[in-house]
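Colleague: Sequence first, predicted coordinates after that:
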Amino acid sequence: MAASSDAKNLMLDALLQGATLNVSLHTADPGVTGANEVAGGSYSRVVCTFAAASGGQSSNTQQLVWTDLPACLVTHCGVWRGTTFLFGAALTQARTLSAGDGFFFRPATVTVQVS
């Protein structure tokens, strides 16, 4: 059964609005548990706000910035609501980091979509 655009928007808003959300970085597919999260350096998840859903999707409203990261290959990102992993996805392009590097996502580049 197909969901209407309004139903998709309601589902996303129920998950992404009114709660503390964080974006994580991963060195391999996080699966359904948030596995393979970057560790070391000054890494920690970054607080993120998502726009109200439209057209069955929602994106981050601000720049997300990590500093002083460990040497690693970042391949995926994830979204958490508190301590609950919601979903993850592969980056368009993996990025090799050297110790001390930073990483960022511009606004409207982390997009969650219900299809």
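Modeller: Sure, I can see it.
Colleague: for residue 12, phi and psi?
Modeller: With angles defined as degrees, to the nearest 10, residue 12 sits at phi -60, psi -50.
Colleague: Measure how buried the nearest residue to residue 43 once chain neighbours are set aside is and give me the count.
Modeller: Distances taken as Cβ to Cβ, 6 or more residues apart in numbering put residue 69 closest to residue 43, at 5.5 Å, once the chain neighbours are dropped. The way it works is simple: take the backbone N, C-alpha and C, and place the C-beta from them, glycine included. Number of residues near residue 69 (other Cβ atoms under 10 Å) recorded here: 20.
Colleague: how many neighbours does the closest residue to residue 105 other than its chain neighbours have?
Modeller: Spatial nearest neighbour of residue 105, excluding adjacent residues (Cβ to Cβ, 6+ apart): residue 64 at 4.4 Å. Look at residue 64: counted by other Cβ under 10 Å, it has 21 neighbours.
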